[in-house]
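Student: below is the sequence, then the predicted model.
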Amino acid sequence: MDFGLIRDGLKSLPQLAAHQASATTDLRSIYVVKGHSEALNPEREIVVGDRGVGKSFWASVLQNSASKTAIAPYFANYDLKNCEASIGFTETLGTDNYPSARVLKAFVDSNEDASSIWRAVIIHNVSRGLLPLGWNEMNWQNKANWISNNPEIEENILKNVNAKAKNDNRTHLVIFDALDRLAKDWKSIRILTRSLLEVVLDMRSFSNINCKIFIRPDMFLDKNIWNIRDGSKLKQNHVSLMWKPYDLYGYLWHWLLHEPSTKYKFASIVKEHLKIDITVTTGESIIDVPESLSENVHNQMLVFNLFAGSYMGSDKRRGTTYTWIPNHLADAKNNVSVRSFIVAIREAAKSTPPNSTLIINPTSIKKGVQLASQTRIEQLQEDYVWINDLLTPLAGLKSPSERNDFLDRWKKENTLNNLISQNDKDEDYLLPIEIDGLNKNNINDASYLLLIKALENINVILNRSDGRIDMPDLFRVGAGLLKRGGVRPI
């Protein structure tokens, strides 16, 4: 059977670059993962996820009317069609919906109560027809001052907005994303995030006005950020965005069914080998991947074995191709980002020779994992500018290694001093949240243990039961650590 069309389709898998919450979403890229349903529930305020799992993607879907309408039938319990969403903060500049990070920083530096500016953002987004006279001509500082000076009027406005929304059977949802971009120092980020969490707690009083915060794991785990009264009520109600292996392959089938050059070919393969009918439509409508293919591991394995063969070697001792890929792309918590999966599959398709009897072969799959590892570290660098300064000294170590092997490498390179020096020279160099407040005069041996914690909190390393530290292949390969029988480092 000629699989050339399918291989070309895999080569054209989307780049899935970092999404912005304010961006318009391509309907073809919307794959509805059932496990993500609670993240779209307007009443679940906190959504936790690392880079590449879909935080900003789902934020953009919720605030875009066409995207929201497309997914609404899959989440009927949430009545998304009658949910009006807007962005209360993200990294995009040039909007009147929320203040920029520079404005927020100036507000914090003036020692003002940061909760007033978040209240101003919420009332601005949900109360368009009920705003006080001259509101739109005010800058954000003056809007926050008005909130501070008129708490009773603000509350009455929100009561009226909520009553009208309830009467109209509608809800308002204000979305906050990219909180690590609130400022360029952890002190300001913590102040702004804490105050936002306090305001979100208060907004629970209004049944039809909801807030949703998308947050990184390291910030979610930071005790200083959660040092607020009743913070546990929010924290315990959080949702974690995760992709199970069958979700990843479900996305792969979804892509092939929405790519014009592959949709009919893929549907015919499934029909021929699994006797499963898929209704293929034209235009931009979403084509459903049947549950027998989106969640049935046995059926998924049958299809992928047609693509890549059954094993990574001559027999099962080298691993099955279906499980090998997600296993080698998982972080320390066994989570796989769809972005890393797509990078690996796309590169495998590009590296497989045209005359191969497989769509992607084992050698090319390994190349795909190598590229995915390198790409993942590059992506981490965008969120955690310090990551290479921690990983570079570890090159050549065996994984797993003793904890002291990590610490000795960092001490030899004066890594903590280097991090602090970088932070002193460059205001955009945000230190690991775990060492915020550390300076060159109070560094000791225990300080280096905080670097272990920093890598743990973003799932780059894990502690084994025997006390050694292991680094998953997703990061190990790109960082240049060695592992017996593992994928070779780049």
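Tutor: Thanks, I have it.
Student: looks to me like residue 85 is in a strand.
Tutor: Yes. Counting by DSSP: H, G, I helix; E, B strand; the rest coil, residue 85 falls inside a strand.
Student: beta-bridge partners for it, please?
Tutor: With DSSP bridges applied, residue 85 shows beta-bridge pairing to residue 173.
Student: how about the contacts made by it?
Tutor: For residue 85, the contact set (C-beta atoms under 8 Å, 6 or more residues apart in numbering) comprises 62, 63, 68, 172, 173, 174, 175. C-beta: built from backbone N, CA, C; applies to glycine.
Student: ranges for the strands of the stretch 201-350 of the chain?
Tutor: Assigned by DSSP state E, counting those that start in this stretch, the stretch 201-350 of the chain shows strands spanning 209-215, 239-240.
Student: please name every helix or strand in contact with the last one.
Tutor: Here strand 239-240 is seen to pack against strand 46-48 when contacts are counted using 3 or more C-beta pairs under 8 Å, 6 or more residues apart in numbering; DSSP states H and E.
Student: quick one: distance of the strand it packs on to the chain centre.
Tutor: With C-alpha atoms, centre = their mean, to the nearest Å as the basis, strand 46-48 stands 10 Å off its chain's centre.
Student: which SSE is immediately downstream of that strand?
Tutor: As assigned by DSSP states H and E, the chain's next helix or strand after strand 46-48 is helix 55-63.
Student: between that next one and strand 209-215, how many degrees?
Tutor: 160 degrees (axes from the mean of the first three to the mean of the last three C-alpha atoms, to 10 degrees).
Student: please name every helix or strand in contact with the helix or strand following helix 55-63.
Tutor: Next helix or strand after helix 55-63 toward the C-terminus (DSSP H and E): helix 65-71. In terms of contacts (3+ C-beta pairs under 8 Å, 6+ apart), helix 65-71 is packed against helix 55-63.
Student: who wins on neighbours among the contacts of residue 85?
Tutor: The residue in those with the most neighbours, by other C-beta atoms under 10 Å, is residue 174 (28 neighbours).
Student: is that residue in contact with residue 127, as I believe?
Tutor: No. Using C-beta atoms under 8 Å, residue 174 makes no contact with residue 127, being 11.1 Å away.
Student: the longest helix seen in the chain: what's the following helix or strand?
Tutor: Criterion DSSP state H: the longest helix present in the chain is helix 362-383. The helix or strand immediately downstream of helix 362-383 is helix 387-391, counting by DSSP H and E.
Student: please point out which parts of that next one sit buried.
Tutor: For helix 387-391, the neighbour count (16 or more other C-beta atoms under 10 Å) marks 387, 389, 390, 391 as buried.
Student: about what we covered before: columns pLDDT and distance to residue 163 on top of the contacts of residue 85, output as a markdown table?
Tutor: As requested, those are arranged in a markdown table below (pLDDT from 0 to 100; distance: C-beta to C-beta, whole Å):
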| residue | pLDDT | distance to residue 163 |
| --- | --- | --- |
| 62 | 83 | 23 |
| 63 | 79 | 23 |
| 68 | 80 | 24 |
| 172 | 94 | 12 |
| 173 | 94 | 17 |
| 174 | 96 | 18 |
| 175 | 93 | 23 |
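Student: those into CSV, with extra columns for distance to residue 353?
Tutor: Below are the contacts of residue 85 laid out as CSV (distance: C-beta to C-beta, whole Å):
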residue, distance to residue 353
62, 43
63, 44
68, 44
172, 55
173, 50
174, 52
175, 46
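Student: may I ask which two of the residues you listed are separated the most?
Tutor: Greatest spatial distance in the contacts of residue 85: 68 and 174, 14.6 Å, computed using C-beta to C-beta.
Student: rewinding a little: any idea which of the strands of the stretch 201-350 of the chain scores lowest on pLDDT?
Tutor: The weakest mean pLDDT among the strands of the stretch 201-350 of the chain belongs to strand 239-240, with a mean of 91.
Student: give me the contact list for stretch 136-143.
Tutor: Contacts of stretch 136-143 from elsewhere in the structure, counted by C-beta under 8 Å, 6+ apart, are 99, 103, 106, 107, 117, 120, 124, 135, 146.
Student: from these, which land in helices?
Tutor: Counting by DSSP H, those place 103, 106, 107, 117, 120, 124, 146 in helices.
Student: dump the residue contacts of the third one.
Tutor: So that's residue 107. Residue 107 neighbours (C-beta under 8 Å, 6+ apart): 99, 114, 117, 140, 141, 144.
Student: next one: it from residue 145, what distance?
Tutor: 10 Å (C-beta to C-beta, to the nearest Å).
Student: equivalent analysis for the first one, please.
Tutor: Using C-beta to C-beta, residue 103 is found at 13 Å from residue 145.
Student: same deal with the fourth one?
Tutor: Computed as C-beta to C-beta, the residue 117 to residue 145 distance reads 10 Å.
Student: can you check residue 10 too?
Tutor: Going from residue 10 to residue 145 by C-beta to C-beta gives 56 Å.
Student: so the two - more neighbours on which side?
Tutor: More crowded of residue 10 and residue 145, by other C-beta under 10 Å: residue 10, with 25 against 16.
Student: list the buried ones in the longest helix of the chain?
Tutor: Buried residues in helix 362-383, counting neighbours by 16+ other C-beta under 10 Å, are found at 362, 364-377, 379-380, 383.
Student: secondary structure class of the residue of the chain positioned farthest from its centre, three-state.
Tutor: The outermost residue of the chain relative to its centre, with distances by C-alpha atoms, centre = their mean, is residue 133 at 39.4 Å. At residue 133 the chain is in coil, as set by three-state DSSP.
Student: residue 274 touches residue 299, doesn't it?
Tutor: Yes. Here residue 274 reaches residue 299: they are 5.6 Å apart, a contact under C-beta under 8 Å.
Student: who touches both of these two?
Tutor: Shared contacts of residue 274 and residue 299, defined by C-beta under 8 Å, 6+ apart, are found at 292, 293.
Student: hang on, the earlier thing: tell me the one of the contacts of residue 107 nearest residue 194?
Tutor: Of all the contacts of residue 107, residue 194 sits closest to residue 114, with 7.9 Å by C-beta to C-beta.
Student: mind checking pLDDT for that closest one?
Tutor: Looking at residue 114, the pLDDT reads 94.
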